[in-house]
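Q: turn this into a structure:
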Amino acid sequence: MPGATPQYEPVTPPEAQQPEAAPPRKAPPADHHSSGISKDPPSIPADQIIQQFAEREAEFKTERENFTYVQTFLIQTIDSAGDPDGEYRMTSDVTFTPAGKRYEVVTNAPPPTLERITLSEQDFDDLMKIQPFALTTEELPKYDISYVGREKVDEISAYVFDVAPKTIEKNQRYFQGRIWVDDKDLEIVKTFGKAVPDIRKRNSENVFPRFETYRENIEGHFWFPTYTHADDVLRFQASSVHIRMTVHYSEYKRFRSSMRLVPANQGPQQNP
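A: The predicted structure is shown next:
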């Protein structure tokens, strides 16, 4: 998220709060995500768990492409008193044409009031691809994955893994952080981390918040993302900007060609 001046430099708020301790550049999971983790070994070798959940994630990713859903996205900047002082809000239907081609219809988008940051192409790309992160067999070679232990997510017993990209290739986006894998269905039920890399050039800065995504069992043994939340401080050279972000994914429905008609005055918008 760039700062909102013509050169993408942030505007310092008049009553800027004292900045919090800066997170490491690669943003490992926060300490509170480690407090309940036991060091119990997995029931089968960790490498086998990784291969099996990656196969399940590939199935999930394909399956989710067969569903329509409603996506509600909200990001706010927060002032020194802890109150929102600007926001961007958008609700959209992610659906299909009768021929089966996926597209997005924006159904509600009030005029944005953000002044201290702007949203970039990378932000919207991360919204669709990184925040509902799926670590599939195809993606495995890009990441270093290490077993951490076991922890419950609500009442779900889960294996915990740390995930980091092996290398950062130009113009590519990655997830770095921690994932929780249901030890029965072997599918990700929670992620915590951030999209990397932050993009810092001489005349621009584009930095990204740490976020947490939860999934729910929607159909059969598939766990679909339903909620993403971020509450973080974006640290630019000139100032820091506190942001809060939520994404709700709701009304999942398996696609049928006659299920939904798009109003004629709302043309299709292709997904990033």
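
Q: counting neighbours, what do you get for residue 173?
A: By the criterion of other C-beta atoms under 10 Å, residue 173 has 17 neighbours. To be clear about C-beta, it is placed using only N, CA and C from the backbone, and glycine gets the same treatment.

Q: isn't it right up against residue 131?
A: No - the criterion here is C-beta atoms under 8 Å, and residue 173 misses it with residue 131 at 10.9 Å.

Q: now do the shared contacts for those two.
A: Shared contacts of residue 173 and residue 131, defined by C-beta atoms under 8 Å, 6 or more residues apart in numbering, are found at residue 195.

Q: quick check, residue 56 in a helix?
A: Yes - assessed by DSSP: H, G, I helix; E, B strand; the rest coil, residue 56 belongs to a helix.

Q: that one and residue 185 touch, don't they?
A: Yes - Residue 56 is in contact with residue 185 according to C-beta under 8 Å; the separation is 6.9 Å.

Q: what is the helix or strand hosting residue 225 packed up against?
A: Using DSSP states H and E, residue 225 sits within strand 222-235. Counting by 3 or more C-beta pairs under 8 Å, 6 or more residues apart in numbering; DSSP states H and E, the packing neighbours recorded for strand 222-235 are helix 46-64, strand 210-219, strand 240-254.

Q: sorry, back to before: residue 56 and residue 185: which is more packed in?
A: Comparing residue 56 with residue 185 by neighbour count (other C-beta under 10 Å), the higher total belongs to residue 56, at 23 against 17.

Q: give the contact list for that one.
A: The contact partners of residue 56, taken as C-beta under 8 Å, 6+ apart, are 185-187.

Q: and what of residue 207?
A: Listed by C-beta under 8 Å, 6+ apart, the contact partners of residue 207 are 1, 198-200, 234-236.

Q: can you pull out the helices in the chain?
A: Ranges of helices in the chain, per DSSP state H, are 46-64, 121-129.
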